[in-house]
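**Q** Got a predicted model here, sequence first, then my questions.
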Amino acid sequence: MSSFSNELTEAQIERLAILSEELGEVQQCIGKIFRHGYDSSNPTLDSNRNNRDDLERELGDIQAAMYLLVRAEDVNIVNVHDRSNKKQSERWRWTHHQEGIAS
Ligand SMILES: [Mg+2]
């Protein structure tokens, strides 16, 4: 039996579980958009929300989950922003259809 431990606290595990859950919800939204489009909505729900609304909500949930990790100092926001800026400056070299959008 290994004595290895990831040394995560219960609080850290919970924060990562929240982030993981929210990432999964965004994946589900993307799947719905691929299948039915941004403006489609679930006909079985009594709601005016469409797939774009759902994606926006879940992206916000990811940002909130990310800031939960930041506030707890699991990750450093400066490093997150540095990486984001670097990624944006790379001009999304391997995309085919992002002219005028990708920096
Ligand atoms: Mg969510």
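**A** Cool, the structure landed. Note that the structure is a prediction, hence the values are computed from the model and not measured.
**Q** Enumerate every residue touching the one residue in the chain that gets nearest to the ion.
**A** Closest contact between the chain and the ion, by CB to the ion, is at Asp61 (3.5 Å). C-beta here means a position set from N, CA and C on the backbone, and glycine is covered the same way. By CB atoms under 8 Å, 6 or more residues apart in numbering, Asp61 lies in contact with Glu22, Glu25, Val26.
**Q** now Leu16
**A** Here Leu16 is in contact with Leu8, Leu69, Asp74 (CB under 8 Å, 6+ apart).
**Q** Look up phi and psi at it.
**A** phi -70, psi -40 (degrees, to the nearest 10).
**Q** for His97, same thing?
**A** The phi/psi pair for His97 (degrees, to the nearest 10) is phi -140, psi 30.
**Q** which one of the contacts of Leu16 has the most neighbours?
**A** Neighbour counts for these (other CB atoms under 10 Å) peak at Leu69, which has 18 neighbours.
**Q** Could you pull up the residues touching it?
**A** Arg15, Leu16, Leu19, Val75.
**Q** And the buried ones among those, selectable in ChimeraX?
**A** A single ChimeraX command is used to select the members of those judged buried by 16 or more other CB atoms under 10 Å:
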select :15,19
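**Q** Of the contacts of Leu69, which belong to helices?
**A** Residues from the contacts of Leu69 lying in helices, with DSSP state H as the criterion: Arg15, Leu16, Leu19.
**Q** Am I right that the first one is in contact with Ala64?
**A** No: counting by CB atoms under 8 Å, Arg15 does not reach Ala64; the two are 11.2 Å apart.
**Q** I appreciate the help and will end here.
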